[in-house]
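>>> Sequence first, then the predicted structure, then my questions.
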Amino acid sequence: MPYVITEACTRDMACVAVCPTECIYDIQTQLVIDPEECIDCGSCEAECTEDAIFEEDEVPEEHKGAIEKNKAAFEGDDKPPLAVAAE
Ligand code: SF4
């Protein structure tokens, strides 16, 4: 069950620094998680200052669209760019 980043993301990159598999990508409006690469460790959720990250089955009703949005970002031929951890 992958983790999902919702629209509450402010792209402060705190999650990126702790992700062991580098599966957090940047679509400019927010960060997204590749559901195929996520190993469900939960490190990003603990680090998020905006409470924007949830395990897929715990995404609040008002943010359910984020599940599809995270998946859709990886359906084309080209992946979005990897998010870069803040210095
Ligand atoms: Fe990365 Fe772990 Fe978050 Fe998945 S749950 S995006 S592997 S930090």
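Thanks, I have it. Numbers count the residues shown, from 1 in each chain.

>>> Show me what counts as buried in stretch 6-20.
Neighbour counts over stretch 6-20 (16 or more other C-beta atoms under 10 Å) mark Thr6, Ala8, Cys9, Arg11, Met13, Ala14, Cys15, Val16, Val18, Cys19 as buried. For every residue, glycine as well, the C-beta is placed using N, CA and C.

>>> Same list, those, but only the ones touching the ligand.
Val18, Cys19 (C-beta under 6 Å from any ligand atom).

>>> Out of the buried residues of stretch 6-20, which comes closest to Glu36?
Distances from Glu36 to the buried residues of stretch 6-20, taken as C-beta to C-beta, are shortest for Cys19 (14.0 Å).

>>> Helix or strand: which one has Cys44?
According to DSSP states H and E, Cys44 maps onto helix 43-47.

>>> pLDDT averaged over that helix, what's the number?
Averaging pLDDT along helix 43-47 yields 98.

>>> near the ligand at all, that helix?
Yes - using C-beta under 6 Å from any ligand atom, helix 43-47 reaches the ligand at Ser43, Cys44.

>>> buried sites along that helix?
So for helix 43-47, counting by 16+ other C-beta under 10 Å, buried means Ser43, Cys44, Glu45, Glu47.

>>> and which of these is nearest Glu37?
Cys44 (12.3 Å).
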